[in-house]
Structures are given as C-alpha cells and as structure tokens.
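> Pasting the sequence and the predicted model now:
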Amino acid sequence: MSVGHCTPRGPATQEATRQGPLELLRRTLRWGPMVRALRCSVLALVLAGCGSATGNRDAQAQREGGPRSDRGAALTPDGGHAPRPDGGSAADQAGVDGTTHQRVTRVVFSSNRDGSYDLFSVALDGSEVRALATHAAADLQPAVAPDGESVVFTSTRGGNSGLWLLALGTGALRPLVTSLRAASVPSFAPDGQTVVFEGRINDTSATDLYVVAVGGGTPQQRTTDSHTDAGPVFSADGREIFFVSNRSGAFEIWRMPAGGGAATVVTQQGRVVGRPAVTPDGKALVFARRLAAAADQTELVWLELAGGAVSVISGPGDSEPAISADGRWLAFTTLRFENPEMALLALPAGGPPASGSTPTRLTQLDAIDGTPTFGALAP
C-alpha cells in the first residue's frame with residue numbers, strides 16, 4: 001500500500017475544513033484503499049491527518065440520540081428498522097447456564113467514530129456495535145480468522161504500518177509483521193495458518209505480495225517486479241492468490257499459485273478498484289470497478305470465473321466488498337448515505353443478487369466506516 005500524503009483543499013473556513021477531508025475520502029473510497037497508483041489511500045489519509053476525529057464518545061452519542069451501544073441500529077432506506085438477518089438477538093444464542101454460546105456471524109470493520117481509527121464489530125442488522133481494538137494509532141483493514149478466534153489487521157501503533165494479531169478470547173495482542181517499511185491489507189488462508197498481505201521494503205520500492213505464518217516468522221515474498229501488486233486474497237481452496245496489479249498497464253485482477261509462480265490475468269476491463277472478494281464455493285469474484293461513464297464513481301460487479309460472465313450488483317458509490325463464509329451475505333462500503341458507511345445485501349444461493357437490490361444500512365454515524373469483513377464470533 002502506498003503511504004503517501006494527502007492534504008485537504010478548500011477555503012479556510014470551518015465548513016470547508018469539514019467538507020474537504022470528506023470529499024477527499026469519498027474520492028478515495030471510490031478508488032479503493034490499497035492501490036498505490038490511485039493517488040492516495042485511506043491509510044495514507046489517516047497518517048496524514050486528513051481523516052480527522054469526529055468528536056468524543058459522549059458527543060457522538062448525544063448527536064445520535066442514544067447510548068454508544070445503541071448507535072449502530074440499522075435502518076432500511078425508508079427509515080424503518082431492519083429485521084435481524086440471523087433471526088434473533090445475540091442473547092438468544094446463549095446456553096441455558098449463560099456460559100455456552102453458539103457463534104454468530106458479525107461484520108468487523110474500522111471506524112473513526114470515537115476519534116482514532118479503531119476496530120469494531122456489528123450484528124447483521126446494524127445493532128450491538130462493539131469495540132474490538134482501541135488505540136491512539138490507526139487500526140484498519142481487519143481480517144477474521146476462519147475459526148473466529150483472532151483478527152489480523154493493519155496498524156500504525158508500531159510507527160510504520162504493520163500487521164498485528166488480536167486474540168478475541170483473551171484480548172492478547174502481538175505484532176505479526178513490523179519488519180517491512182509498510183505492510184497492510186491482510187487476508188487469512190482458508191486453513192487459518194497463513195496470512196497474505198501487500199508490503200514494501202522501503203519508500204521507493206514497489207508494492208509486492210507477501211505471506212507470513214500466523215505463528216510469526218520472516219515474511220516470504222511472492223511477487224518481485226517493478227509494478228504495483230496489491231489487495232491479495234486467497235482462493236476458496238487456498239491454492240491460489242487473487243490480487244490487483246497494473247503489470248499489464250492498467251489495474252486488473254490477476255491470479256497466481258499460493259506458493260509463488262507465474263501470474264495470469266483474470267479481468268480485461270482496466271477499471272478494477274481494490275481487492276476482490278471470493279465466493280465460498282470458489283466460483284466467482286466480487287469486486288469494485290470504476291463506472292465507464294463516471295470514472296470518479298464505482299460499482300460492484302459479480303464475475304463468474306468459469307466463462308467470465310459479469311453482472312453489476314450494486315452501485316454507484318459502492319466498494320470494498322466482503323462475503324460471509326456461508327455465502328449468504330455481502331457487506332461493502334458505500335457513499336450512498338453521504339458519509340462513508342457500510343451496507344449489507346443478501347445473496348441468493350449459487351448466484352449474485354438481482355441488480356438494484358436494496359441493501360440494509362449497517363452504520364449511520366457522522367464518521368468514516370469501512371473495510372468490512374465477516375467473522376463467526378461469540379455473542
């Protein structure tokens with residue numbers, strides 16, 4: 001990931017100061033957070049101070065008209081409360097003795113709602129927002145382990161952007177990758193033993209792909225060229241890595257063996273933005289692309305890997321897709337509600353949602369929410 005510097009522009013007034021970073025973030029989220037050639041990233045904005053704090057916790061709660069635990073209750077686009085997609089509250093999942101819990105799917109994301117960028121989780125109806133990691137530094141781009149026991153994420157708490165691992169059961173936190181000049185955008189292998197990420201050795205080197213064992217150790221480089229290789233994610237079977245690269249002249253999605261080797265191009269359109277999401281059956285990708293008629297806006301598309309059929313499923317203004325492990329839900333970052341927020345779409349079995357499907361809004365604060373991922377977490 002490029003960690004460049006971006007400075008908000010506009011008249012030196014209070015309103016312009018507020019709108020400048022927001023407009024810049026709108027453009028940034030349309031482009032995607034991990035592609036260096038797209039001028040700047042969400043992480044770059046954080047490091048440069050463009051994503052300013054939105055106020056303290058009490059002020060946020062007062063503006064939203066309720067306590068912090070209630071602020072994330074989802075509303076459908078018509079203003080009504082959305083039903084819980086899992087059919088009940090998290091408390092319903094507790095055992096009779098109150099100690100045994102069935103894991104439930106939640107969305108984990110990054111937000112600056114409490115000042116700095118921290119990690120939170122939220123129920124699938126937008127309720128029960130919980131803090132997972134809080135720090136004065138920026139914590140971004142979470143990825144939940146397949147067993148739901150840990151979260152790997154990008155953080156600046158070590159100075160440079162690096163990868164950190166949080167054990168959800170105990171709260172224990174340890175650095176995973178801090179030896180590179182920059183490491184970001186982590187993703188777990190299906191077996192949970194390996195993390196793939198993008199990184200740079202120094203300020204002038206290209207962004208390449210690396211893997212590292214969850215137990216720690218020296219990161220192993222998987223790509224070595226002068227182009228930008230970014231936004232990696234494992235295939236459903238763990239045998240391949242999908243990633244975004246401009247090695248063909250435009251940013252496309254590529255695939256390569258997980259152990260390294262020659263890469264082959266997947267897309268041919270030249271409008272890819274951000275890393276793709278892989279369906280659990282391994283048959284399709286969901287990714288953001290710039291609109292042909294409006295390059296400053298994005299839409300989400302569904303790509304069948306066998307045959308290459310493409311369907312537009314959401315947009316404009318949507319990016320950063322994530323698919324739940326059971327294949328039932330698609331979460332994404334959206335600009336349709338003014339601020340960068342998150343939304344949720346139901347996925348029909350074996351295929352994409354119909355174009356124009358109405359998403360459920362997951363977050364609704366005067367804050368920057370994004371980089372969603374799913375996890376099977378204890379209630």
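In hand now; what should we look at?

> quick one: the closest residue to Arg103 other than its chain neighbours from Ser155, how far?
Closest residue to Arg103 apart from its sequence neighbours, by Cβ to Cβ, 6 or more residues apart in numbering: Ala376 at 4.2 Å. Every residue, glycine included, has its C-beta placed from N, CA and C. Note on Ala376: its distance to Ser155, by Cβ to Cβ, to the nearest Å, is 23 Å.

> quick one: which of the two has more around it?
Between Ala376 and Ser155, counted using other Cβ atoms under 10 Å, the more crowded position is Ser155 (28 against 18).

> so that one sits in a strand?
Yes: Ser155 forms part of a strand when assessed by DSSP: H, G, I helix; E, B strand; the rest coil.

> and it, what are its bridge partners?
Asp139, Gly162 (DSSP bridges).

> Would you map the helices across the stretch 151-300 of the chain?
Using DSSP state H, counting those that start in this stretch, no helices are found in the stretch 151-300 of the chain.

> circling back to that earlier point, which residues touch the residue nearest to Arg103?
Residues in contact with Ala376 (Cβ atoms under 8 Å, 6 or more residues apart in numbering) are 103-105, 144, 147-148, 325.

> tell me which element it is part of?
Using DSSP states H and E, Ala376 sits in strand 369-377.

> Show me what that strand pairs with in its sheet, parallel or antiparallel.
Here, using DSSP bridges, strand 369-377 pairs with strand 104-114 (antiparallel).

> Quick one: neighbours of Cys225, just the number.
One correction, residue 225 is Asp, not Cys. Look at Asp225: counted by other Cβ under 10 Å, it has 11 neighbours.

> Quick check: it vs Ala322, distance?
For Asp225, the distance to Ala322 - Cβ to Cβ - is 28 Å.

> Who are the packing partners of the helix or strand containing Ser121?
Ser121 is part of strand 116-122 when elements are defined by DSSP H and E. Where contact means 3 or more Cβ pairs under 8 Å, 6 or more residues apart in numbering; DSSP states H and E, strand 116-122 is packed against strand 104-114, strand 130-133, strand 139-144.

> can I assume Thr224 is in contact with Asp208?
Yes: checked against Cβ atoms under 8 Å, the pair Thr224 and Asp208 is within contact range at 6.1 Å.

> So for these two, which sits in the more crowded spot?
Neighbour comparison, Thr224 and Asp208: the larger count goes to Asp208, with 23 against 11 (by other Cβ under 10 Å).

> The residue nearest to the more buried one when sequence neighbours are not counted: what's it in contact with?
Spatially, and ignoring its direct neighbours in sequence, Asp208 is nearest to Thr223 (4.6 Å; Cβ to Cβ, 6+ apart). Thr223 sits next to 208-209, 229, 243, 245, 256, 263 when contact means Cβ under 8 Å, 6+ apart.
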